[in-house]
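*Asks:* Here is a sequence with its predicted model. Questions after.
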Amino acid sequence: MGDLNLFVKENYDFLHKIPEVGLKEVKTSAYLAEQLKTFGYDVRTGIGETGVVGILTGKEAGPVIVLRADMDALLHLINGEEIAIHSCGHDAHCAMVLAVAKEIADKGLKKGKIKIMFQPAEEILAGALAMIDAGIIDDADIAIGIHLRSSSEAKKGEATPALYHGASVKMTAAIEGLSAHGARPHLGINAIDAGCLAVQAVNAIHLDPIVPTTVKVTRFTGGGGATNIIPDRAELVFDLRSQKNTGMEELIEKTARAIETAAASIGAKATVKSNKGVPAAELSDDLIDVAREAIISVLGKEGLLEPTITPGGEDFHFFVKHKPSLKALYIGLGADLSPGLHHPEMTINKEALIDGVKILLNIIERL
């Protein structure tokens, strides 16, 4: 694994220096596609604009495994300038998966099929859907993903066999009232008042406390130019999160009803819309057991962490929503990552990357 260790670190260094945001990963995808071609993969490019898939088919029948890495960086506002930075570890994910692809190709695939997926636009929740629309997972039996974790969750030499992301949805509410002179409020309907009632109604929502669920207002705008006019417009944005998809369905319905009813109580009208959001993780217990054994094999029992529950979202989980029969696995890897994910000064211990490569290879060999 000596050469592979150097290979994964060199590729990480290269990708880290060419950060590109979602659907603009032109240099990144071109580099990864060229590497896969040199390994002998059948390569498809331009999926969802910049997505790349490399396919390697074994000599015997077997499972179709999709190994996925996200490619996009994040924009950070630094000294008044927007700068793309790999502050979520996607460069590390690509480097690890590329190293796995190389090792599989070098050894040869005995049976089944491997699809190496370099997915764009995870941060804007567009990449997985593009891969689905292109039919990449239609014949897949198993999908595997990996993500670096902050040091508070996992350190170098540690890994979790299951990372359970939550479902998240953004809901907007446009409230329409009735304009009037500030001296004659009885002739108007104050949209800001209606918005305040909506916030209070949403804050009073209670669901099953066993399932972690939250909803909160994250933006509130209203009023116009003059301050002596009863405002007839207001807009609110709510962030909805649940660790279960069923909980999210109930939360969406109750939040929309609370907003509409609260606004209507003073004669205003609320028009509520939701984005697609992302679904919560639905992972395979059988694959989690395989991942446990792989982590112990690579890191020892002391390196095995319990499954991790995080309220953060991840578009990888669209795959199972689209194809419920798909068995999914999403592991978390410790890499002494600090100060945290999405921080512009995020750093990692590159020695952890070979741990991730070994764990992924071990899992695939067991499957």
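*Replies:* Right, received. Where do you want to start? Every value quoted in this text rests on a predicted model; they were computed, and no experiment measured them.

*Asks:* how about the nearest residue to A105 once chain neighbours are set aside, what does it touch?
*Replies:* Closest residue to A105 apart from its sequence neighbours, by CB to CB, 6 or more residues apart in numbering: F39 at 4.0 Å. The way it works is simple: take the backbone N, C-alpha and C, and place the C-beta from them, glycine included. Residues near F39 by CB atoms under 8 Å, 6 or more residues apart in numbering: G54, A101, K102, A105, D106.

*Asks:* Same check on T160?
*Replies:* T160 is in contact with R149, E153, A154, L305, E306, P307, T308, I331, G332, counting by CB under 8 Å, 6+ apart.

*Asks:* give me the beta-bridge partners of it?
*Replies:* G332 (DSSP bridges).

*Asks:* distance of it from E314?
*Replies:* Remark: distance between T160 and E314 (CB to CB, to the nearest Å) = 14 Å.

*Asks:* What of L329?
*Replies:* With CB to CB as the criterion, L329 and E314 are 13 Å apart.

*Asks:* Give me the common contacts of the two.
*Replies:* With CB under 8 Å, 6+ apart, L329 and E314 have common neighbours G145.

*Asks:* what ranges of this protein fall below the confidence cut-off?
*Replies:* For the chain, the stretches with pLDDT under 70 are 1.

*Asks:* can you map out the helices along it?
*Replies:* 2-16, 26-39, 90-107, 127-133, 191-203, 245-264, 285-299, 318-322, 352-366 (DSSP state H).

*Asks:* Compare those helices and give me the one nearest G225.
*Replies:* helix 191-203 (14.7 Å; CB to CB).

*Asks:* what residue lies at the spatial centre of this structure?
*Replies:* Central residue of the chain (CA atoms, centre = their mean): E314, 2.0 Å from the mean position.

*Asks:* That one against G166, yeah?
*Replies:* No: the pair E314 / G166 is not scored as a contact, 9.1 Å apart, by CB atoms under 8 Å.

*Asks:* Quickly list what's touching both of these two.
*Replies:* Shared contacts of E314 and G166, defined by CB under 8 Å, 6+ apart, are found at A281.

*Asks:* show me what contacts the residue nearest to the centre of the chain?
*Replies:* E314 touches E122, G145, H147, L163, H165, V278, A281, Y330, counting by CB under 8 Å, 6+ apart.

*Asks:* T57 now?
*Replies:* Here T57 is in contact with D42, L109, K113 (CB under 8 Å, 6+ apart).

*Asks:* what does A126 give?
*Replies:* Counted by CB under 8 Å, 6+ apart, A126 has contacts G22, L23, G48, P120, D315.

*Asks:* swap in H90?
*Replies:* H90 neighbours (CB under 8 Å, 6+ apart): A69, D70, M71, D72, A73, E122.

*Asks:* From those residues, which land in strands?
*Replies:* Using DSSP state E, A69, D70 are the members of these that sit in strands.

*Asks:* which of the contacts of H90 sit farthest apart?
*Replies:* A69 and A73 (13.2 Å).
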